[in-house]
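Q: All I have is the shape, not the residue letters:
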């Protein structure tokens, strides 16, 4: 997915964030979100032990003992706090993170996601993915609508290993916004010039269409 | 037990402490121990959240937010550290306290103790007693040999509610020192002018006599 | 400061029958102003989870005297003889929990952990009815996490985001209690500008704190007294 | 300072087959000097518990290259492609643990808690073979505590008692790892007089630390380099 589309997804997710929210951002598209928050002030949580993550420092202020969970140099916003990994996951698992924005390898129509392993490939990294899936108050998936090979990522049933039983709340792709509720999925918005029929063609999952929000 | 005898017990227990030990002292006789350490430097742990408890402050320096587990004003020794209750009990339960010196209501001949409740009386306080019994590396009981009514505290089998399955290591009374090992008990030292026979008369527990340490 | 509210607003969040987690060890680190307001209200059937129940007529002892309490969970109640009397006359339920188990159970309540296995109290009266399990040949008991509807805690200072620091040993149960309720109210002596508490010094990060109120008491001679 | 020893003495405490808990997140907060010394020794069959296994040829990656390792337990190994290769060729056992579960399991190892129930990973491949239990209608899995024979951690400063502070986000796994082994060695950039770290600023109190060694690397441009 090109950068323009990634930015589109990031901007749309940014609309879902509320002033004052505690946010944990996964790698990839989610990391673009802070640039599109406008006047909204959110607090970024980094699972390696920081609440109040600021932007990348200038070269001469880099300290590799002040890094993000992606192991990139960062700064601290005013009002930040530092803590260790076990306290950081108290926050994540204990429901103290208002929203996690994550990428995914697959999302099924119930909102269950797979975001840590592809079958048949080496499965040697999970990081904090499962903790965030289990513990964040609200979860939005920011993802390309299809995999690189054009196959659907948004599927009826996961074929990749699940990240946990917990369902996510929303999926934002370059084409559309879906909400998950009561085990089902609803299309609430189209973000490109795609039609609902064309969207179904590139989507394996079943979804209903919210007539009202879609102005249908 | 008069103050002289209490001091005698405290002094004898003090001999068991090693330079550099992390010590938790229960209420009563154990609180007298710091005065009899001589050149030995030990670190006093207070379960409400301090390692490095110092002596009582002068009246005009009292801060009731710097207190011991007995809720008395204290000071901090150089090199002290402050922490919360859950971290404090990580230290206790996790085996990071070298020695706990506790009082007891009863001690049985295997080294199991009762130090929190008397049957038939209101049982409304346990505090950190059971955590210390479960977690301290070594436990010494500092106690009067008999109860106030003259009945034995050192018994064959507890009749008061147990503080936990863990056996203590040593019992020091105004009359004698006992060591517990492999479920049995051994008299290792006499501290008063009592004879072994007289000691058995005021003791319900069975004990063997260490011929060597008793110079018999 | 957005989180700063009046004490009267704060206690409106507490409903009859709620479970209230209260920081403090004895009188140290106790949210005295919030407790006063609850005692002066007509709230009832509260369950209080706190290490002690204050002293007679002081701290949480006021909630007992005011008839707000149905139950108290904690580790040491004998410092309040009124609590002992109320329990023996059937006016107050009491659940006794070893101090370390209480601290850990509350931390777990805030940490998304449903229960944990501890050796503390295994084989004692306080383990009655609790599940046992062997690990490496030793017996442990299963203790369940504790959560509350509302936590009230006492800090020394809050910054305007709600980051909290504590006075010496007054961290005690406040740190864990601040994590384990649906709503958390911190009472503090002073509010400072955000940025005045360095990131490495924050003890309770602001994400745990919903509201902040100011303590009406001031410290004199090491003790909180009425202004 | 009584606890200060040479790096060569420190690694003598590590025996073949030991389980080593190692602080750090990626390269941050990693005891590089101790790792170098272990890599240069003939120690073998070690199990390393650490969030990552460093990077190729860096940090814990050196222990892999030197053939010291039998097994690695952690949450994220894909940043070291040598670890991935060694695993796929059967040269290295790997146990993958969610990051929060790893942090909590190590904390429990140091806290006298044998196991805990978490929702994290319930229903996934990483829960296979683990006991499940329902609490309030939700499925939790039992995770066992993790302990080591020796912990090696990295602090910024130690005082002469062994109280430790860390640099910014370098607290990470060091704080928990410092509690959970029979023997704990801290590598620090600097040793200061006791009293220079105020009691409220101590992150790892000295009772957790057995020995301290000095880091031979110095920080330049935000990165540790050879002196």
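A: That came through fine. Keep in mind the model is a prediction, meaning the values are calculated, not measured. Numbering: from 1, shown residues only, chains lettered A, B, ... in the order given.
Q: can you tell me which residues contact residue 17?
A: Just going to use chain A. A:23, A:33, A:37, A:40, A:42, A:99 (CB atoms under 8 Å, 6 or more residues apart in numbering or on different chains). For the C-beta atoms, the positions are set from N, CA and C on the backbone; glycine is no exception.
Q: should've been chain C
A: Residue C:17 touches C:44, C:45, C:46, C:70, counting by CB under 8 Å, 6+ apart.
Q: got the residues of chain A near chain C?
A: A:20, A:22, A:43, A:45, A:50-52, A:76, A:78-83, A:89-97, A:134-135 (CB under 8 Å from any CB of the partner chain).
Q: any low-confidence regions in chain A?
A: For chain A, no stretch has pLDDT under 70.
Q: Quick check: what element follows the longest helix seen in chain C along the chain?
A: Ranked by residue count and defined by DSSP state H, the top helix of chain C is helix C:99-111. Next in sequence after helix C:99-111, counting helices and strands by DSSP states H and E, comes strand C:113-118.
Q: In a helix, residue A:76, correct?
A: No. Read with DSSP: H, G, I helix; E, B strand; the rest coil, residue A:76 is strand and lies in no helix.
Q: What is the burial count for the nearest residue to residue A:35 once chain neighbours are set aside?
A: Excluding the flanking residues, the one nearest residue A:35 by CB to CB, 6 or more residues apart in numbering or on different chains is residue A:10, at 7.5 Å. Neighbourhood size, residue A:10 [other CB atoms under 10 Å in any protein chain shown]: 22.
Q: what does residue C:185 give?
A: Neighbour count of residue C:185, defined by other CB under 10 Å: 25.
Q: Within the helices and strands, which one has it?
A: Residue C:185 is part of strand C:181-192 when elements are defined by DSSP H and E.
Q: contacting residues around the residue of chain C found nearest chain B?
A: Residue nearest to chain B within chain C (CB to the nearest CB): residue C:100, separated by 3.2 Å. Residue C:100 makes contact with B:47, B:85, B:88, B:89, B:92, B:93, B:128, B:130, B:131, B:135, C:118, C:120, according to CB under 8 Å, 6+ apart.
Q: pLDDT below threshold where in chain C?
A: Nowhere does chain C drop to pLDDT under 70.
Q: which parts of it sit against chain A?
A: So far as CB under 8 Å from any CB goes, chain C lies against chain A at C:2, C:107, C:110-113, C:159-161, C:163, C:179-180, C:194-195, C:199-200, C:202, C:205-208.
Q: Give me the buried subset of those.
A: The neighbour count (16 or more other CB atoms under 10 Å in any protein chain shown) marks C:107, C:110-113, C:159-161, C:163, C:179-180, C:194, C:199-200, C:202, C:205-208 as buried among those.
Q: Could you list which of those also contact chain D?
A: Contacts with chain D within these, counted by CB under 8 Å from any CB: C:111, C:112, C:113, C:199, C:200.
Q: from the residues you listed, which is closest to residue C:184?
A: Ranked by distance to residue C:184 (CB to CB), those are led by residue C:111 at 14.3 Å.
Q: count of neighbours near residue 50?
A: Since you didn't name a chain, this refers to chain A. Per other CB under 10 Å, the neighbour tally for residue A:50 reads 28.
Q: please go with chain C instead
A: Other residues lying near residue C:50 total 26 when counted by other CB under 10 Å.
Q: Give me the neighbour count for residue A:116.
A: Neighbourhood size, residue A:116 [other CB under 10 Å]: 26.
Q: Show the buried residues in the residues of chain A next to chain C.
A: Burial by neighbour count, 16+ other CB under 10 Å: within the residues of chain A next to chain C this picks out A:22, A:43, A:45, A:50-52, A:76, A:79-83, A:89-97, A:134-135.
Q: Among those residues, which are located in strands?
A: Judged by DSSP state E, these include A:22, A:43, A:45, A:50, A:51, A:52, A:76, A:79, A:80, A:81, A:82 as members of strands.
Q: which other residues reach stretch C:33-42?
A: Residues outside stretch C:33-42 that contact it (CB under 8 Å, 6+ apart) are C:7-8, C:10-11, C:14, C:20, C:22, C:46, C:54, C:59-60, C:62-63, C:65-66, C:68, C:152, C:185, C:187, C:213-217.
Q: which residue ranges form the strands in chain A?
A: In chain A, the strands defined using DSSP E lie at A:22-25, A:43-46, A:50-54, A:75-82, A:99-102, A:106-108, A:113-114, A:138-142, A:154-155, A:170-172, A:176-181, A:184-190, A:208-209.
Q: Do I have it right that residue A:14 meets residue A:42?
A: No. Residue A:14 is beyond contact range of residue A:42, at 9.2 Å (criterion: CB atoms under 8 Å).
Q: Residue C:56 against residue C:86, yeah?
A: No. Residue C:56 is beyond contact range of residue C:86, at 10.9 Å (criterion: CB under 8 Å).
Q: Out of these two, name the residue with the larger neighbour count.
A: Neighbours were counted for residue C:56 and for residue C:86 using other CB under 10 Å; residue C:86 has more, 21 against 16.
Q: which residue packs closest to residue 32, ignoring adjacent ones?
A: Looking at chain A here, since you left the chain open. Spatial nearest neighbour of residue A:32, chain neighbours left out: residue A:10 (3.8 Å); criterion: CB to CB, 6+ apart.
Q: look at chain C instead
A: In this structure, residue C:32 finds its nearest non-sequential neighbour in residue C:217, 5.4 Å apart by CB to CB, 6+ apart.
Q: Quick check: that neighbour touching residue C:227?
A: Yes. If you go by CB under 8 Å, residue C:217 and residue C:227 touch, sitting 7.0 Å apart.
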